[in-house]
Structure formats: C-alpha cells, structure tokens
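[1] fold the following.
(one chain, ligands or ions: 1)
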Amino acid sequence: QHDLVTVADMSETEVLHKIKLAQLFKAGKRITLNRPVYAMNLFFENSTRTHTSFDMAERRLGMQVLQFDANASSVTKGETLEDTVKTIQAIGVDLAVIRHSENEYYNDLLKQNLDISIVNAGDGSGQHPSQSLLDMMTIYEEFGTFKDIKVSIIGDLNHSRVARSNMELLTRLGAKVAFAGPNQWYDDKFAKYGAHLTVDEVVQDSDVVMLLRVQKERLGDELNDFDEGKYHQKYGLTKERYATMKENSIIMHPAPVNRGVEIDSNLVESDKSRIFKQMENGMYMRMVILTDVMVAKGIINKTDLLGVD
Ligand code: CP
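    Numbering: from 1, shown residues only. Next up is the predicted model:
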C-alpha cells in the first residue's frame, strides 16, 4: 500500500502481518533502504506520542527527517494542504505523515495520484490508524488472539478517532466490543459494533478496559457544564471500579491522560495498566507502517521481510 490513511479496508491478514513485523522490530530486526528516503511530519494539530514516535521510527529506519512547523509555514498565508503537499513532493520528499483537524482531509490528496506517500496520523474525529494498530499489537501481545476478547471503550466516543478506528478493527478481528459513558457522547451508529452499557457493567466484564480522553478542546459549550470530579465518579475508572476488574484484564488509554478524570491518577501506573506499553509499541508499529509503504514504493525489497506472512 503506497499510502495508509484508514483501517476501514484493512484485512485480518494485514493486521497480523503488521503485528508480527512490529514484534520483529522490537526484537532488533533491521532493514535496508535502497536509496536515501526523505520524510516530513506535518502536524496541524498538537501531538506528543504520534509525532515523536513517527520521528523516531523514521530515524530508526534510516530515513532523513525534514522539519515542518505548521505555524511557521506558508499555510499561515493561506496556502492549502494540497499545495503544501505538492510543494514538498516537488523538493523531493518521499513520504508525508499528516495530522489534521479536518475529517478525511486525505481524500482530495489521494485523488491527485501523487508520488509522495500519505500516512494519516489522525484526522479530526475520523480515523487514527497508527494508534489503532498499536492498540491491536498491545492486545495481541497480551492475549495472543482477538477472538471473543471483550473490549469496552469508555468515555468521549463521539469525538474520538481512536474509538472509531478501534471499534471497526476489533469487530473485524473477532473481538466483542461494548461501550459506556455519557449518553450524549454515544451515537446510535455505534450500535452495530456493540451495546451501550453502564461503566460498572463493562468494567467487571471486560478483558480490556479502554478509556478515552475527555477531549475538552472539542467540547465547545458543553465544557461550561463539565465537572471533572463528577465525571470521574460517574464514568471514570475509580479505585473502587478497578477492584472489580477480572484477574487477567488490562487497562488501555491512547493518552494523553486527564489524570483524575477518566482514570484515577494512581491507576495509570497500576499492574493492569498497559498505557506506557502502548506508547512503546507505537514506535515499532510506526516503523512497520513506514516499512510497508516503502516496500510498496520499491524502496525496501520485499525479500527484506522474508519470514513475515
Ligand atoms: N494518542 C495520541 O494520538 O497522542 P498524541 O496526540 O500525543 O499524538
């Protein structure tokens, strides 16, 4: 695949291939680039994990990384995303990793059949494919399968691109998804993926308790009535709810975490938490995403991936 913008059409075989290759990278696998490769990370929304782990993944693969600061770019003079991407293609950039606030910003770019590859690092409340794949890797490392693994996704579902990508991919992989959180942040279109239950119900029954960040920057007027303490008691993972979790169950959260809101601060480092493991896996999974794109472009030989299905 020359671009990676969504998990919508990603097969189980493809996901398992990516997990296997990420585990090989984690074990020290190296690959060879056939020529110098230039990458640019264009982040029009703030990020710590996704931005730095793509940057690290690019450097570990031996790519040259060009700096881009949206606030210092000609986007501030009104240049469009399309013209920005065409510009960096013209100067020789092979691969653009893009985060943007507009849902499906990538559609217009893909229609142009550009030579430069587009990797989606999150679009508005649309998709977050690299986060979803690193989440799949974390679940697979824990349970060795997705079949019938019960995953509850709790919180700000409506604003969450992570929730959208994960509900789609988990269902395709055979996991059982359930939702919880405020009714106003649940949409009936999620019903085909799983039921909307109470937080107490799903926490007791889940193998994976996946918490979502309350996205204050996307709440608008709702933020005026938002009370962090009340939210924590009603919908958060409190110490009391943690005590009801199943023996081998785990906690996930894409982060950044609002400590004391969606999760008790001390539980972020608890035995069941895989939150920092997710971040570690993210770097290896992003190496895979970039590698697969470069294989599709002929910059890495397919034979370099021998032994990976
Ligand atoms: N999980 C995630 O996307 O984090 P950042 O916004 O810090 O990249």
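
[2] near the ligand, which residues of the stretch 1-150 of the chain are found?
    The stretch 1-150 of the chain comes close to the ligand at residues 47, 48, 49, 50, 51, 122, 131, as judged by C-beta under 6 Å from any ligand atom. Quick note: C-beta positions are derived from backbone N, CA and C, even for glycine.

[3] inside helices: which ones of those?
    Among these, the residues falling in helices (DSSP state H) are 49, 50, 51, 131.

[4] hmm, which two among those residues are most spread apart?
    51 and 131 (12.3 Å; C-beta to C-beta).

[5] count of neighbours near residue 232?
    19 (other C-beta atoms under 10 Å).

[6] following whichever helix or strand it is part of in sequence, what is the next regular element?
    In the assignment (DSSP states H and E), residue 232 maps to helix 228-235. Remark: after helix 228-235, the chain's next helix or strand is helix 239-242, criterion DSSP H and E.

[7] run the chain-centre distance for the helix or strand that that next one is followed by.
    The helix or strand immediately downstream of helix 239-242 is strand 250-252, counting by DSSP H and E. Put simply, strand 250-252 sits 15 Å off its chain's centre (C-alpha atoms, centre = their mean, to the nearest Å).

[8] can you give me the strands in the stretch 201-309 of the chain?
    208-211, 250-252 (DSSP state E, counting those that start in this stretch).

[9] columns mean pLDDT and mean neighbour count on top of the ones you listed, output as TSV?
    Putting the strands of the stretch 201-309 of the chain into TSV (pLDDT from 0 to 100; neighbours: other C-beta atoms under 10 Å) gives the following:
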stretch	mean pLDDT	mean neighbour count
strand 208-211	98	28
strand 250-252	98	23
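
[10] about what we covered before: could you check which of residue 51 and residue 131 has the larger neighbour count?
    Legend: neighbour count by other C-beta under 10 Å for residue 51 and residue 131, higher for residue 131 (24 against 17).

[11] list the contacts of the more buried one.
    50, 122, 161, 162, 165, 254, 282 (C-beta atoms under 8 Å, 6 or more residues apart in numbering).

[12] export these to TSV and tack on pLDDT, distance to residue 194 and neighbour count?
    Converted to TSV, the contacts of residue 131 look like this (pLDDT from 0 to 100; distance: C-beta to C-beta, whole Å; neighbours: other C-beta atoms under 10 Å):
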residue	pLDDT	distance to residue 194	neighbour count
50	98	26	23
122	98	23	24
161	95	18	22
162	97	15	25
165	97	15	26
254	98	18	26
282	98	25	27
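
[13] of the residues you listed, which pair is most distant in space?
    Among the contacts of residue 131, 161 and 282 lie farthest apart (C-beta to C-beta), at 14.9 Å.

[14] tell me how far the residue of the stretch 51-200 of the chain found nearest the ligand lies from residue 120.
    Per C-beta to the nearest ligand atom, residue 131 is where the stretch 51-200 of the chain lies closest to the ligand, at 5.2 Å. As judged by C-beta to C-beta, to the nearest Å, residue 131 and residue 120 stand 10 Å apart.

[15] ok, now residue 142?
    26 Å.

[16] neighbour count winner among the two?
    Each of residue 142 and residue 120 has its neighbours counted (other C-beta under 10 Å); residue 120 has more, 26 against 17.

[17] wait, the more buried one touches residue 103, no?
    No. Counting by C-beta atoms under 8 Å, residue 120 does not reach residue 103; the two are 10.9 Å apart.

[18] Three-state assignment for residue 153, please.
    strand (DSSP: H, G, I helix; E, B strand; the rest coil).

[19] next, give phi and psi for the closest residue to residue 298 other than its chain neighbours.
    Using C-beta to C-beta, 6 or more residues apart in numbering and skipping residues adjacent in sequence, the residue nearest residue 298 is residue 34, 7.2 Å away. Main-chain dihedrals, residue 34, degrees, to the nearest 10: phi -80, psi -20.

[20] for residue 34, what are its contacts?
    Contacts of residue 34 by C-beta under 8 Å, 6+ apart are 298, 299, 300, 301.

[21] next one: the one residue sitting closest to the centre of the chain from residue 246, what distance?
    Centroid-nearest residue in the chain: residue 131, 1.4 Å away (criterion: C-alpha atoms, centre = their mean). For residue 131, the distance to residue 246 (C-beta to C-beta) stands at 24 Å.
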